[in-house]
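1. Show me the folded form of this:
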Amino acid sequence: MDYPQYNPQTDNAPLSDDELNALDDLLQELPADEAMNIEAMDGYLTALLVGPGELSQRPSTDWLPAVWGGDGEGNAPFPSNKQRKRATLLVLRHLQSIAIELRDKGEAWQPIFSVAEVDDRDLVDAEVWCIGFLQAVGLDPEGWGALFDDAEIGAALVPIALLGGDEEDLSPEDAQRLGDLDVRDQLSRAVLDAVVLLYRRKFPG
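-> Model (predicted):
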């Protein structure tokens, strides 16, 4: 199936909150267990942007269908081609808005993380976002392997690997740490620094 290519020069308006909610609802209503929610999708798209290679040079068929759990026969998993087109355009618009925010806002860029109010404090939990991020990492293990091997970048990616990785691969010490909401909050906030570092390494100046 053919999909539009990502074009970094496209002047797309960021999705409104209503459009983000509509896209999240659309994805969650699909009969595909692997369909991402809006948090995982945000992490996935961010990794595609800041990771190795130029996303605009990669066929959209290589990465876009993963957002809704893969393509099936006919319009599956969408009930109609109209809904598939709508989802595609919304995802591409959100992808471009992430790129623009990273370019223009730097550290002030805001990913879509879960936030819970605990004892009058807002605690951030980026687990689902990091799961989506690592799903993109899995599309290019060799390219990302070089980044993880880099001393500075590898250290910065540790919070993402801890929050989004397989729980069975955690050491008992790390598993215990992740049970602490304050630790999860600290790791989640460190994710922003990792992404900004990756972005600046890839797009210096």
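2. could you measure residue 91 against residue 2, distance?
-> 15 Å (Cβ to Cβ, to the nearest Å). In this view, the C-beta of every residue, glycine as well, is placed from N, C-alpha and C.
3. Please read the previous query as pertaining to residue 162.
-> Per Cβ to Cβ, residue 162 is found 38 Å from residue 2.
4. swap in residue 118?
-> 47 Å.
5. higher neighbour count, residue 91 and residue 2?
-> residue 91 (23 against 7; other Cβ atoms under 10 Å).
6. Which element, helix or strand, includes the more buried one?
-> helix 81-105 (DSSP states H and E).
7. Now residue 118: closest residue in space, sequence neighbours ignored.
-> Once flanking residues are discounted, residue 118 sits nearest to residue 181: 6.3 Å by Cβ to Cβ, 6 or more residues apart in numbering.
8. Would you list the phi and psi of that neighbour?
-> The phi/psi pair for residue 181 (degrees, to the nearest 10) reads phi -60, psi -30.
9. for it, what are its contacts?
-> 116, 118, 123, 125 (Cβ atoms under 8 Å, 6 or more residues apart in numbering).
10. Also residue 115?
-> Remark: with contacts taken as Cβ under 8 Å, 6+ apart, residue 115 is in contact with 122-125.
11. Same check on residue 21?
-> Contacts of residue 21 by Cβ under 8 Å, 6+ apart are residue 38.
12. which secondary structure element contains it?
-> helix 17-28.
13. part of a helix, is residue 124?
-> No - read with DSSP: H, G, I helix; E, B strand; the rest coil, residue 124 is strand and lies in no helix.
14. Name whatever forms a beta bridge with it.
-> residue 115 (DSSP bridges).
15. Hmm, it is touching residue 185, no?
-> Yes - between residue 124 and residue 185 there is a contact at 5.1 Å, judged by Cβ atoms under 8 Å.
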